[in-house]
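Undergrad: Here's my sequence, what's the structure:
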Amino acid sequence: MELHKLVELERARELIASLQLRPPPVEHVKLYEAGWRIAARSVVAHKDVPAVPLAAMDGYALRSSDLKAFAALKLKGEVRPGDEPPTLGEGEAYYVNMGAPLPAGADAVARVEATRAEGGLVKPLEPMRPGKDVIPKGEVVERGAVVVERGELVKPYKLPLLSMLGVQELEVFKVRVGVLNVGDEVDRFDKPTGKPVIDSLSPMIMGLMRGLEPKYLGVVGDREEEIVYAIEEGLREAEALLTIGGASAGESDSVKRALSRAGEVLFPGVSVSVLKRGGVALVGGKPVVALPAQCVAAALVFHEHFLHILSRMVGRELREFVRARLAEDVEVRHRMDAAYLFRLEGERAYPLRWGTGLCGELAKADAFGVLSRGPHRAGEELVLQRLL
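TA: Residues are numbered from 1 along each chain as shown. Predicted coordinates:
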């Protein structure tokens, strides 16, 4: 691969899609540690949750058809959550606490505030129907349903479902990613020594790695030999690596030259403004993504290339794409297609100020997309990728 030759964006996507990458190693974590981790195995419900119908409200469990034959129902007792459900006789009712199992034969719950209870008899004061204020069997999770899919970023909202199924640990991918900044003038953000440029991008990139294990590899100078050594050392204990800085598209780029020495450069950059300086390489079969040293460019290359690579590694699409309508006219006057940031309001996409280093605009953005050269009119349909 010629280090000065940019490829079309679609070609870069095809190259990444064709990669045969090793899946990351797997580990078991406690359920409370599984939020925002990437599942390494699907979890299928082995039972219904709830296993039996439950009362959705405090009230009286009854058989709704009995109300046609009885003016009032005989109160037989009380059922609490966790009790063994009794059997409901004809013309009978049981007081049930919310979450308690319904007596066998009951099909509805009359709320406490909508009943009259006296003298051991209960009379509903509102129309009743089968299923009223009842949580049906399997309403939360049906047996056989896939609760978590392999490769899924597990949101914490799924943890209660897993807990109800008796899951105490989850098998997740252990994706370790090294982050290395390059530049003689760059200072570490965690241990500054007074160099003129602070490494402000590594915290952002590491913060985007939800579900992963980023490791800060610090800053290395612009000398090719040092970069090769730092990359190879970083990949000894990582499944992927991101470099920041020195990511130009030319032969003078020490990062790309170092990557070509250490492994194979898949492509040095793409013919899209903002994204053009981001390249991808394989070193020892492991992916390395070279990010530019400007915040917007670094963030968009991370989303465009690294998240695509990560999706290939775990076997599931982790990127989220949305369709929206361009909210106002835009003219792309660059020499090539350009990536733009957008703020989303419903189905309308408002383009933000264009620039590779406008960190303030990046903080306002919801998504990004690529616009071809030339005019674009309000109302045009766009396919955008949501920002993490």
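
Undergrad: burial measure for the closest residue to Gly218 other than its chain neighbours, as a count.
TA: Distance criterion C-beta to C-beta, 6 or more residues apart in numbering; nearest residue to Gly218, sequence neighbours excluded, is Arg188 at 5.4 Å. From N, CA and C alone the C-beta is placed, and that goes for glycine too. Residues within reach of Arg188, counting by other C-beta atoms under 10 Å, total 15.

Undergrad: again, but for Leu208
TA: Leu208, neighbours per other C-beta under 10 Å, totals 17.

Undergrad: Not counting its neighbours along the chain, what's nearest Glu126?
TA: Nearest to Glu126 is Ala114, by C-beta to C-beta, 6+ apart, at 4.4 Å.

Undergrad: OK, contacts around the most centrally placed residue in the chain?
TA: The centroid of the chain falls nearest to Leu153 when counting by C-alpha atoms, centre = their mean (4.8 Å). Applying C-beta atoms under 8 Å, 6 or more residues apart in numbering, we find Leu153 in contact with Trp36, Arg37, Ile38, Arg210, Gly211, Leu318.

Undergrad: most surrounded residue in those?
TA: In the contacts of Leu153, the most neighbours by other C-beta under 10 Å go to Ile38, 24 neighbours.

Undergrad: ok, it to Gly59 distance?
TA: The gap separating Ile38 from Gly59 is 43 Å, by C-beta to C-beta, to the nearest Å.

Undergrad: before we move on, what about Asp107?
TA: Using C-beta to C-beta, we find Asp107 at a distance of 13 Å from Gly59.

Undergrad: So which of the two has more stuff around it?
TA: Between Asp107 and Gly59, Gly59 has the larger neighbour count (other C-beta under 10 Å), namely 25 against 19.

Undergrad: The more buried one is in contact with Leu102, isn't it?
TA: No. Here Gly59 does not reach Leu102: they are 10.8 Å apart, not a contact under C-beta atoms under 8 Å.

Undergrad: what sits in contact with each of these two?
TA: Residues touching both Gly59 and Leu102 by C-beta under 8 Å, 6+ apart: Val96, Val109.

Undergrad: those strands in the stretch 1-150 of the chain, which residues are they?
TA: 26-30, 43-44, 54-55, 59-62, 73-79, 92-96, 108-111, 115-118, 121-124, 134-135, 146-148 (DSSP state E, counting those that start in this stretch).

Undergrad: immediately after the last one, which helix or strand?
TA: Using DSSP states H and E, the next helix or strand after strand 146-148 towards the C-terminus is helix 159-164.

Undergrad: Counting neighbours, which bits of that following helix end up buried?
TA: Using 16 or more other C-beta atoms under 10 Å as the test for burial, helix 159-164 gives Leu159, Leu161, Leu162, Met164.

Undergrad: cool, and stretch 356-374?
TA: Buried residues in stretch 356-374 (16+ other C-beta under 10 Å): Thr356, Leu358, Glu361, Leu362, Ala365, Asp366, Ala367, Phe368, Gly369, Val370, Leu371.

Undergrad: Repeat that for stretch 328-335.
TA: Under the neighbour-count criterion of 16+ other C-beta under 10 Å, stretch 328-335 has Val330, Val332 buried.

Undergrad: Just the C-alpha atoms of that stretch, please, in PDB.
TA: Taking Å, rounded to 0.1, in the frame of the first residue of the first chain, the C-alpha atoms of stretch 328-335 are listed here in PDB:
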ATOM      1  CA  GLU A 328     -31.200  23.600   5.700                       C
ATOM      2  CA  ASP A 329     -29.200  24.100   2.400                       C
ATOM      3  CA  VAL A 330     -25.500  23.100   2.500                       C
ATOM      4  CA  GLU A 331     -22.900  23.600  -0.200                       C
ATOM      5  CA  VAL A 332     -19.800  21.400   0.100                       C
ATOM      6  CA  ARG A 333     -17.000  23.600  -1.500                       C
ATOM      7  CA  HIS A 334     -14.100  21.300  -0.500                       C
ATOM      8  CA  ARG A 335     -12.000  19.500  -3.100                       C
END
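
Undergrad: Need the residues that contact that stretch.
TA: With contact meaning C-beta under 8 Å, 6+ apart, stretch 328-335 is reached by 273, 338, 340, 350-351, 371-378.

Undergrad: Repeat the analysis, applying 6 Å as the threshold.
TA: The contact list for stretch 328-335, computed with C-beta atoms under 6 Å, 6 or more residues apart in numbering, reads Ser273, Ala338, Pro351, Leu371, Arg373, Pro375, His376, Arg377, Ala378.

Undergrad: who touches the first one in this structure?
TA: This points to Ser273. Counting by C-beta under 6 Å, 6+ apart, Ser273 makes contact with His334, Met336, Ala338.

Undergrad: Going by distance to Gly263, which of these wins?
TA: Within those, proximity to Gly263 (C-beta to C-beta) peaks at Met336, which comes in at 27.3 Å.
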